[in-house]
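Undergrad: no letters, just coordinates:
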């Protein structure tokens, strides 16, 4: 069972693909289901040790090992961590999709990210104001962009929130 950051890293490297939080129909193991930390919320409030750890690891593992671990979304929308060699040889060739094949809203959101990397909140406000979409439609468009490997979250450890970048700028060797 996973108790530490080091254990979580070993788990990802061992399994090649892991979901962050469990999914009933997923063939992949999850960090959540294999983490042996308390689910009990502290008396003073806030997240349980288990939630805090898994949430932190999903960001810290790819930040610590940016050339070895990829964070993204599986085709079913589950958040995942993936060993980079598996990403290169299996996942990317099977699941990359040109942005022009995505719904129009996803294409428009991608154009914003292409012009300037953006944080989720700022991007959502812009899309709602300029494109007239709902929060739900925006979230779906952002998810489609991740699943199709058109955008990726920045792995810069100085950035705390999700900053979205064009996938091809971060991983040009996969796209070219």
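TA: Now that the structure is in, tell me what you want to look at. Being a predicted model, the structure only gives us computed values, none of them experimental. Numbers count the residues shown, from 1 in each chain.

Undergrad: which residue packs closest to the residue most central in space within the chain, ignoring adjacent ones?
TA: Geometric centre of the chain, nearest residue: residue 72, 3.1 Å, by C-alpha atoms, centre = their mean. Distances taken as C-beta to C-beta, 6 or more residues apart in numbering place residue 146 nearest to residue 72, at 5.5 Å, with adjacent residues excluded. Where C-beta positions appear, they are placed from N, C-alpha and C, glycine not excepted.

Undergrad: list the buried residues of stretch 86-93.
TA: By neighbour count on 16 or more other C-beta atoms under 10 Å, the buried set for stretch 86-93 is 87, 91, 92.

Undergrad: and for stretch 58-77?
TA: By 16+ other C-beta under 10 Å, the buried positions in stretch 58-77 come out as 58-63, 65-66, 69-74.

Undergrad: stretch 19-32 now?
TA: Per 16+ other C-beta under 10 Å, stretch 19-32 contains these buried residues: 19, 20, 21, 23, 26, 28, 29, 30, 31, 32.

Undergrad: check stretch 131-148 too.
TA: Result for stretch 131-148 [16+ other C-beta under 10 Å]: buried residues 133, 137, 138, 140, 141, 142, 144, 145, 146, 147, 148.

Undergrad: just curious, which of the residues you listed is nearest to residue 155?
TA: Nearest to residue 155, judged by C-beta to C-beta, of the buried residues of stretch 131-148 is residue 146 at 14.2 Å.

Undergrad: what about that closest one, which helix or strand?
TA: Under the criterion of DSSP states H and E, residue 146 resides in helix 135-147.

Undergrad: centre of the chain versus that helix, how much separation?
TA: Put simply, helix 135-147 sits 12 Å off its chain's centre (C-alpha atoms, centre = their mean, to the nearest Å).
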